[in-house]
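>>> this is the structure alone, sequence omitted:
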């Protein structure tokens, strides 16, 4: 059963290239390519957690309570809401007709959903597309630079017993893109 937003496919593409990382780190061999890619994935994941935004658009499936009240979707920014299905007790999905629900994507990229009428099912499965950019080149440069710097930090401190704090510049680069919410939010 779906508990929250999750990517419907494999791991997303990296918002920075291996060549870009190797140039920044002045690494000339390919011996540590797998390590660098893993560190970059970790840095990108931390960026998404910190900002509350998916960096590169991907398809998300999320289970939400079936309600006539507006419910905000968990991942963002939402680009398109593609399908809504009612989930029975066993998790089987029944696609809903478009007139059975209302959807909205607000100016901040928040996706919203509500049922037009009460239903017996307690949960809905929503399939939607969310992300700041359609590909790595569309990710804002400040966000990309923060990922490169955090990857470099991980690389430089990978063998140390005590972890050093990440550079303050990383959060400074990401902060303008941070999604802040108060409580559950509401939609009118």
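In hand now; what should we look at? Keep in mind it's a predicted model, so treat the numbers as computed, not measured.

>>> could you find the closest non-adjacent residue to residue 15?
residue 139 (4.2 Å; CB to CB, 6 or more residues apart in numbering). Every C-beta, even on glycine, is put in place using the N, C-alpha and C of the backbone.

>>> neighbours of the one you found, how many?
Neighbour count for residue 139, taken as other CB atoms under 10 Å: 23.

>>> and for the one 3 residues further on?
Applying the criterion other CB under 10 Å, we find 14 residues in the vicinity of residue 142.

>>> for the spatially most central residue of the chain, list the residues it contacts.
With distances taken as CA atoms, centre = their mean, the residue of the chain nearest its centroid is residue 54 (2.7 Å). By CB atoms under 8 Å, 6 or more residues apart in numbering, the contact set of residue 54 is 12, 48, 60, 75-77, 130-132.

>>> ok, residue 76 next?
Remark: with contacts taken as CB under 8 Å, 6+ apart, residue 76 is in contact with 52-54, 108-111, 130, 179.

>>> from those residues, which two are the most distant?
The largest separation in these, counting by CB to CB, is between 54 and 108 at 14.2 Å.

>>> which intervals of this protein have sub-threshold pLDDT?
1-11, 161, 181-188 (pLDDT under 70).

>>> just the helices in it please.
18-25, 33-51, 141-156, 168-174 (DSSP state H).

>>> for the second one, buried residues please.
Just to be clear, that refers to helix 33-51. Under the neighbour-count criterion of 16 or more other CB atoms under 10 Å, helix 33-51 has 36-37, 39-40, 43-44, 46-48, 50-51 buried.

>>> kindly report the same for the third one.
Going by neighbour count (16+ other CB under 10 Å), the buried part of helix 141-156 is 143-155.

>>> please apply the same query to the last one.
Of the residues in helix 168-174, those buried by neighbour count under the rule 16+ other CB under 10 Å are 170, 173-174.

>>> for the residues you listed, which one is nearest residue 100?
Nearest to residue 100 among these: residue 174, at 38.6 Å, using CB to CB.

>>> no more questions from me, cheers.
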